[in-house]
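> Okay, sequence plus prediction incoming.
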Amino acid sequence: MKRVAILISGSGSNMIALVRSMTGDHPARPVLVAANDPAAAGLARAADLGIATAAVDHRRYSADRAAFENALLEPLLAARPDILCLAGFMRVLTPAFVARFEGRMLNIHPSLLPKYPGLHTHARALAAADAEAGCTVHEVTAVLDTGPILGQARVPVLPGDTEGSLAARVLAEEHRLYPAVLARFAAGDRRPVWLP
């Protein structure tokens, strides 16, 4: 049974989708939810589900990302995760941190990578008049949002869409895609999951 730690920054809706999927014959179980903000609402939601939580306030480390990551590593390493899932974790990780979890760290991104890495993905899709948008689960590498793609889900961009309406439809697909990818990945299968 694979041990999964999940990193969040906010409400943790993708974390909840992952945790709820890890039951029955699923090949993994959640062992820790950690956040870079002690006020992240997802921490209370994880605790309500009986999952250990930890918080390391990145603001205490100002511009010293390495010191922040060293503090974050303490609860992470204590939890002994086999897989690390970034689920709305809004901190860019250093190459040294990424290397420690190479080949076993996943992220979900709200665009059809390689399109629109980074922020403001929905605004960029709308500005480009794209016909479709979506989300991608990928392995985390040292270069932001460029790791091997493990799955994608697509949604049409509708007439009159706003950033908010598009984001809501993409988020619903994130909640389908990320659990499907994690189940396959935890079973040792890196073939991508393609959701319609």
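Nice, I can see it. Numbering: from 1, shown residues only.
> For the longest helix anywhere in the chain, what is the distance to the chain centroid?
Within the chain, and with DSSP state H defining each element, the longest helix by residue count is helix 163-186. When C-alpha coordinates are averaged (Cα atoms, centre = their mean, to the nearest Å), helix 163-186 and its chain have centres 10 Å apart.
> where exactly do the helices run in the chain?
Counting by DSSP H, residue ranges of the helices within the chain are 13-21, 41-48, 65-79, 95-100, 121-127, 163-186.
> Where do the domain boundaries of this protein fall?
If the domains of the chain are taken from automatic domain parsing, they occupy 1-101, 107-196, with pieces of a single domain joined by a plus sign.
> Can you lay out the ones you listed as JSON lines showing mean pLDDT and mean neighbour count?
All C-beta atoms are positioned from the backbone trio N, CA, C, and that covers glycine. Written out in JSON lines, the entries for those read as follows (pLDDT from 0 to 100; neighbours: other Cβ atoms under 10 Å):
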{"stretch": "domain 1-101", "mean pLDDT": "97", "mean neighbour count": "18"}
{"stretch": "domain 107-196", "mean pLDDT": "97", "mean neighbour count": "17"}
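> thinking again about what came up before, run through who's touching the longest helix of the chain.
Outside of helix 163-186, the residues that reach it under the criterion Cβ atoms under 8 Å, 6 or more residues apart in numbering are 2, 4, 13-14, 17-18, 20-22, 26-28, 82-83, 85, 87, 106, 108, 110, 122-123, 125-126, 133-135, 137, 150-155, 157-158, 190-191, 193, 195.
> Give the closest residue to residue 54 in space, chain neighbours not counted.
residue 75 (3.6 Å; Cβ to Cβ, 6 or more residues apart in numbering).
> Next, the contact list for the spatially most central residue of the chain, please.
The central residue of the chain, meaning the one whose C-alpha is nearest the mean C-alpha position (Cα atoms, centre = their mean), is residue 87 at 2.6 Å. When the contact criterion is Cβ under 8 Å, 6+ apart, the partners of residue 87 are 6-8, 12, 14-15, 18, 108, 178.
> same deal with residue 104?
Contacts here follow Cβ under 8 Å, 6+ apart; on that basis residue 104 touches 81-84.
> Tell me the spacing between it and residue 190.
Between residue 104 and residue 190 the computed distance is 11 Å (Cβ to Cβ, to the nearest Å).
> which one is residue 67 nearest to, not counting chain neighbours?
Spatially, and ignoring its direct neighbours in sequence, residue 67 is nearest to residue 61 (4.8 Å; Cβ to Cβ, 6+ apart).
> Check the contact between the one you found and residue 91; I expect there is one.
No: between residue 61 and residue 91 there is no contact under Cβ atoms under 8 Å: 10.3 Å.
> tell me, what's touching the two both at once?
The overlap between the contact sets of residue 61 and residue 91 (Cβ under 8 Å, 6+ apart) consists of residue 68.
> quick one, what contacts residue 114?
Residue 114 touches 145-146, counting by Cβ under 8 Å, 6+ apart.
> ok, now residue 1?
Neighbouring residues of residue 1 by Cβ under 8 Å, 6+ apart: 27-29.
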